[in-house]
Structures are given as C-alpha cells and as structure tokens.
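Show me how the following folds:
(2 chains)
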Amino acid sequence: MIWIVKNLWLIPALPLFAAGIIAVNKQPRRKLAATLAIGSLAVGFLLSLCAFSATLGHTAGVVHEVFSFHWIKFGGEWMDLGWVLDPLTAIMLVMVTFVGMLIFIFSIGYMEHDRNFMRFFCFLALFASGMLGVVIANNLFLLFVSWEIVGLTSYLLIGFWYHRPSAAAAAKKAFITTRIGDLGLLLGMVWLYAQTGTLNFYDHGHGCLETDALTQMATDVTVGGMAVSTFIGLLIFLGAVGKSGQVPLHVWLPDAMEGPTPVSALIHAATMVAAGVFLVARVYPLMAAGAPVLAHGAPVTTALTVVTWVGAITAIFAATIAVAQNDIKRILAYSTVSQLGYMMIGLGVGGVAVGMFHLITHAFFKALLFLGSGSVIHGCHDEQDVRKMGGLRKFMPVTFVVYAIGMLALAGFPLFFSGFWSKDDILHHAHEWSVSQIPFYLGCAGALFTAFYMTRQVALVFFGQYRGHSADSHAEARLHGNPESAAHGAPHESPAVMTVPLILLAVFAILLGVIGTPAWPWFAGYMRGEATVLDWTKFGDTAALMVASSVIVLTGLALGWFLYGRRQRKTVGEKDVLEAAQPAVFKLLQNKYYIDELYEHTVIRFNAFAARACAFLDTWIFGGLVLLVSYAALGCSWLSRTLDEKFVNGGFDAGCESLRSTGGGLSRLHTGRVQTYLRIIGVALVLLIIFLIWGKA
Amino acid sequence: MNPLQFCLLVSALLFSIGFAGAVTRRHAILVLVGIELMLNSANLNLIAFWRFGPHPEALTGFIFVLFSMALAAAEAAVGLALVIAIYRHKKTSNLDEVKELKG
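Model (predicted):
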C-alpha cells in the first residue's frame, strides 16, 4: 500500500488542527489565524496532488485503494473507520483544497475590517476539514459524521453576523432544512447496515458498494415491489437533496447568502452543496444496482430516474427564479441551485463521470463568480442590489474581466469555456437517455435562462452608468464593525489579495474544459479507469447537439443583451424590463414561485399547530399528571410525617423515657459506699449457703 | 469433734469477725484489717483441708497458701496506698464520706 493512502487522513486533519489552534488563541492574532488556515490547506493541496498522481495511470478499471481500521465495538460487531483513494476522491480533494485555498486567501482581503476575523478563519478551517472528511471517507458512518460537521459549520458561517436577525434566521433555516434530508440519509445508513452488516464502501469484496452486497440488495424486494437497493439509494439521495439544495429542499440556499461572501463562495458554490452531488456519485453503484447491463450508455434504474427528474425540475425551476432577482448574490445562489440540478441530471443519465465533471468545472467558475461578486460588493461599499450598481467596468477592470469569464463559463459559451463542455456532456447524455426526453428539453430551457440571467446581471452590474450613492444600505459595512468603510465614494478595485485568486480561478474556468471534450474525454476515462485516446472524429457524433446548445446559449446571451444591455436603466427605482412587460409572471418569479410562502402556510403552520398541540398536551395532560403525582406524593409525605411524629416518635420517646427512669431508679442502688456493697455480698452469701444446705433437701 | 472440724470452726469464727469488722467500721484502715482477717480465715481453711485431706504429703495446700499470702501482702500494700491517696485528696479516711462512685 502506498504511503499516501495510509496518510490520507492528514488532509482533513490538518485544517482541523488549524481550527483548534485558532479557536484557543486570543482575538487579535489575525496573521497567525490566516497563515494556519491557508497553510493547512496548502499542505493539504500538495498531499492531494500526491494522492491524485497516485490514481493516475490505471487503465484496467477503477482502483479503490482503502485503509480501514476498527474503531469501536458494539455487541459482536466492529464499527470500522477508513478512507478510500480512488479517482472520485482524488479529484474532489484537489478541487476542494485548491478552491478552498483561493477562497481563504480572498477572505483575508474581504474580512480585513471584520472584528471577528479569527472566528471566521476558525470556522472556515473547520468547514474545510469536514468537507475533506466527507470526500475521503470509505465508510458511510465517517461520511455522515463529516457531513454533519459540514452542516454545523455551514450554520455557523451563514449566521456569522448573528446579530443581524435575517442572518440568524437564514442559518436556522439552512440547518433545519438540511436536517430533513439528513434524516433520510441516516435512515438509509441504518437500513444499509441492517442489510449488509457493513458500512464500508469498499472492503476487498465485503463492502456495501461491491458486487456481493449489491446483488443481494438488488434482488431483495421491499414495499411496493421496489428493490431494497433502490429504497436505500433514494433515502440517501434525500440527504443529497437537502445538502445540494434540490427541489423541494432548495429554500435554504438563497437565504444562506446572508453569510459573508467568501462563505457563499466556499459553502454554497464550490464545496458544500457539491457534497450532495458527491454523495450520490459515491453511492452510485448502489443507485445503479440491479440495472440490466447495457452495451451502450449508462444504467437506468428507478433510483437514477428519480435523481434525474429531481435534477431536471430543479435546473429549470431555479433558473427561472434567478431571472427576476435583484440581489447579486441571490442570482448566483439560484444559479447554483440550477447548476446542481444539472449535476444531478448528469449523474442520473450519464453516470459518475458526467455529473462530476460538471461539479468540478462548476466549482471553479462559481467560486470565481461568487468571489467576483464579493469583490464587487466590497468595491461598492457593501452594496448587493444590482439595481444600485452599474458601470463598474470602468472602476473595476480586473474584476470585470474575470467576472465576465466566469459568467461566460456558467452560461456555457461555446468552445472556450469549461462550462460549455461539461454542460454539453450532460445534455448529450440526457439526449441519449432511454426513459424520457423531457429532462433534455428542461435542461436546454435551463441553459437558455442561465445565459439570459447572467447577461442581465453582468449588464446591470458592469455596464451603463453607476447608480450608487444612495445612503440607505450599508448594512454589511456596519456589520464589519467599522462604519468608516461605508464612507461614500466611487467604487474601487479590490486589492491584489482578492484579485489574484480571482485570476487563478478564471484561468481554470477556461482551461478545465480541455480535459472533458468529446475528442479527448480524459476526465471520463480517468473516472472509469480507462485509457483515453485522442480522436477528433468524435466531435462529429456530438456536433449537432453542440451546435444546438451553442445556438441556445447565444440566443440567451443576445436576449439578455437586447433587454438589459442595449438600453440601460437610468434610475434605481425604475421598473425591470420584464416587469413592465409581464408584471404577473415577474412577480411570481421574484417571489420564487411563493415556495417559501407555501411552506409557511403548510409545513410551518402545521408544525406550529403541532407544537401548540404538544404544548397543550404538555401543560394540561402531562403537566396535570405530573402535578397530580406531585400532590399525591405531598399527601403521602404529610401522612408519613404525621405518623412519624405522632406515633413512631411518641412510642420511641415513651420507650426512651421508661428506660431512663428505670436506669435512674437502678442507679440509686449505686450508693458509692463500699461497705453497703460488702454488706449485701455478705447477706447474699449467707442466703446462698442457706439455699445450698437446705435447698437440696 | 475431730481436728478438721475444729479448724473449720476457728476459721468460720475468724471470717465472721473479719466480715463484721469490714462491714461495721468507718475507718478505712480498720476495714482493710477486717478484710485481711477474712483472707486469713480462708487460708486457714485451705491449710486445714490439705493437712487432713487424703494427700498431706504432696505440699499442695501449703504452696497455694504461700501464694495467697504473697498476694494478700501485695493487696494490702495497694489498699494502704489507696487509703493514703484518698486521705491526701479528701483529708478524711471515713468511708461514709468517700462515695464518688455513687450512681
């Protein structure tokens, strides 16, 4: 076993230690905190590269190198912990550590003025640790633990400015919503354990994702004629739905934008939300278990069909909402939800490689966009409303260029951007899907909307005239704790510590496309453990689809430019172009299809009702019972006391008194006069003699 | 009346005199004297039973009485010392006034 497999644990452990050290330090040691957090991730990145290189060069199927050890024993069963090194782990490790590192570096600039700089880096490092734990886990249990660490830190980071009520509420919402999904994951985990007796993914033939266990689970049938593997897969998918913000548990993700922007980039774009997709990719063998072996294309099972449909609905659903949002981060948040939907489609219709490719490329360009928006927000003195921006191209040239690259990558601009290749790969597989064509069309429509809303955003933010200088919203500045930074003035370019990570991310947003083109699908080959051959003719197979998707994207871009770029809005209060044309539709989209309100009136109202019912039960039934019991106990104790005082004590006292008086009487015999004693002895002796002499007769 | 009976009679007489003295006298030393008399009457008894018993050649009674007399001497010494100590403490040797052990 190579040393990197054995020491894979170091990658999540280093940020964990960093977080611990930062946590026990005093507040003002900013340099130390930043150095520790970034350093731990940098070392983790180097180790990840080692791990990555160790996975290269396999051409005969996927190799899962595992390292497991016994952890705790309950009953006769050992609970194992362990980690696995395979292409899926390696690529995620490299992505998370690299993107995470850039985001950490960016945070130094962004959080510069924040009073709680140390706390921020502590949480960031802890988050990175949890995320890397999820990635390396070879065990659903370890994965679940890390998963929950990720959930916790996401709660802490969203609520970082907890004194702002909306942030506190958003943190709570995120935590509770993801918990609903986690319940499914937990149930799936328990069931999986009951079925296979192990939670290890790969264990030299005994793991739950290996052939023996899968065949058994695929043949066992449970309620409704579903295979057990399908049911467990769907339960685990529920966890992924919560974490990855899929419909119907997507509501927390846009609200999570209350957190600092680097957090949004790290958690809600690049890594955490990808954890759900990663989880599905990890348990993909389980999802695909029992599918008929096809010569061509990906397996089709009930579980994967559900994944595809959820993804497709999410993709189009969130993309339409993003069209009508005005908060720069919220637009990106909905775009994230939508892109996660694409990843789910990719997993459902095309397998691990397709979904993961989009995950990786998306992580880079979405982190770029979020950090870019952070730079914009920072430069505009903590303004987040796109209506109050405009013309920033002149003020922030670097940010503009990298943002444009990210936007084109997200929109899927043909040929030169990674997003095009990964999205095209997904659409290509959706097109070949044997079950239904609808996800393909939904995906295409989503792509159109994506191009449209990104153009709208960029046009509003970077083109036209600067519409800022309104004095009312400098909320984030005040949250930073120093009102000086909210001083009015023209927007300014961000410092190098913020722009350099952006530039690096932009480079990758372009270059990453190279590894997944149809002619040289290195990424897919790498994930499947096959050799990749350069074959230009393969472009021919997908050319029609590529042209179609290019047309879609270009249409979206043109439409966006036509509506928003050509004629810029002049004032902040002016109505949106779409709002003027279709007020009802726009309002529906702006209010996110009233999903929050729907939940407010159904789930939450029901919950509140249930809570009230429980409170009533508690106060009157259980409380009454408890009160009754307590009164009964009081009565008993009163009785006991009375008995004690009146009878037991009385009797005892009387006994004592009689003993004492007897003793007193007897003590009177004790005169202390020796001669009296002697006299009595004499008399007794005489009596004894008389008895001895005459008593016998 | 054989010699044994005579001896026992003398011994009983001696014992009675001693007992009467010990019980009636108030002075501590005289009480001690009475007690010594009672002790000696017992010794006389022992000697008599040995001398007129079945094995007068074995010297057992004699030895026993020798020990008893040594014991009596020691006891007298302790008793006199006690009397002196009590006298020093209470300036009296009247036993009626020495009743600290009263219950």
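
so where does the residue lying closest to B:Gly18 once chain neighbours are set aside fall, helix or strand?
Excluding its sequence neighbours, the residue lying closest to B:Gly18 (C-beta to C-beta, 6 or more residues apart in numbering or on different chains) is B:Leu37, at 3.0 Å. C-betas here are computed from N, CA, C, even on glycine. Here B:Leu37 sits within helix B:28-51, counting by DSSP states H and E.

What are the buried residues along that helix?
Residues of helix B:28-51 classed as buried: B:28, B:31-32, B:34-48, B:50 (neighbour count, 16 or more other C-beta atoms under 10 Å in any protein chain shown).

what's it in contact with?
A:674-675, B:3-4, B:7-8, B:10-15, B:17-23, B:25, B:56, B:60-62, B:64-65, B:68-69, B:72, B:75-76, B:79-80, B:83, B:86-87, B:93-95, B:98 (C-beta atoms under 8 Å, 6 or more residues apart in numbering or on different chains).

Filter those residues down to the buried ones, ChimeraX style.
Of the contacts of helix B:28-51, the buried ones can be selected in ChimeraX as follows, counting by 16+ other C-beta under 10 Å:
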select /A:674,675 /B:7,8,11,14,15,18,19,21,22,23,25,61,65,68,72,79,83,86,93,95,98
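
Among the contacts of helix B:28-51, which lie within helices?
Among the contacts of helix B:28-51, DSSP state H puts A:674-675, B:3-4, B:7-8, B:10-15, B:17-23, B:60-62, B:64-65, B:68-69, B:72, B:75-76, B:79-80, B:83, B:86-87 in helices.

residues from chain B in reach of chain A?
Applying C-beta under 8 Å from any C-beta of the partner chain, one finds that chain B approaches chain A through B:19, B:22-24, B:31, B:95-96, B:98-103.

Let's see that with 7 Å instead.
Selection of chain B residues close to chain A by C-beta under 7 Å from any C-beta of the partner chain yields B:Phe19, B:Ala22, B:Val23, B:Val31, B:Leu95, B:Asp96, B:Lys99, B:Glu100, B:Leu101, B:Lys102, B:Gly103.

wait, isn't the second one in contact with A:Leu678?
Yes: taking C-beta atoms under 7 Å as the definition, B:Ala22 is a contact partner of A:Leu678 at 5.8 Å.

burial count for whatever residue of chain A ends up closest to chain B?
Closest residue of chain A to chain B, C-beta to the nearest C-beta: A:His670 (2.7 Å). Applying other C-beta atoms under 10 Å in any protein chain shown, we find 13 residues neighbouring A:His670.

Are we agreed that it is in a helix?
No: secondary structure of A:His670 (DSSP: H, G, I helix; E, B strand; the rest coil): coil, not part of a helix.

can you give me phi and psi for it?
Per-residue torsions, A:His670: phi -80, psi 80 (degrees, to the nearest 10).

pretty sure it is in contact with B:Lys102, am I right?
Yes: if you go by C-beta under 7 Å, A:His670 and B:Lys102 touch, sitting 5.9 Å apart.

Need the residues touching each of these two.
Contact criterion C-beta atoms under 7 Å, 6 or more residues apart in numbering or on different chains; residues shared by A:His670 and B:Lys102: none found.

where do the strands sit along the stretch 101-250 of chain A?
Counting by DSSP state E, counting those that start in this stretch, the stretch 101-250 of chain A has no strands at all.

Can you report how many residues lie near A:Lys587?
Around A:Lys587 there are 12 residues (other C-beta under 10 Å).

go on, A:Leu666?
Residues near A:Leu666, counting by other C-beta under 10 Å, number 10.

That one: helix or strand, and which one exactly?
Per DSSP H and E: helix A:649-667 holds A:Leu666.

Tell me the helices and strands packed up against that helix.
Judged by 3 or more C-beta pairs under 7 Å, 6 or more residues apart in numbering or on different chains; DSSP states H and E, helix A:649-667 has no packing partners among the helices and strands.

from the chain's centre, how far out does that helix sit?
Centre-to-centre, helix A:649-667 and its host chain are 78 Å apart (C-alpha atoms, centre = their mean, to the nearest Å).
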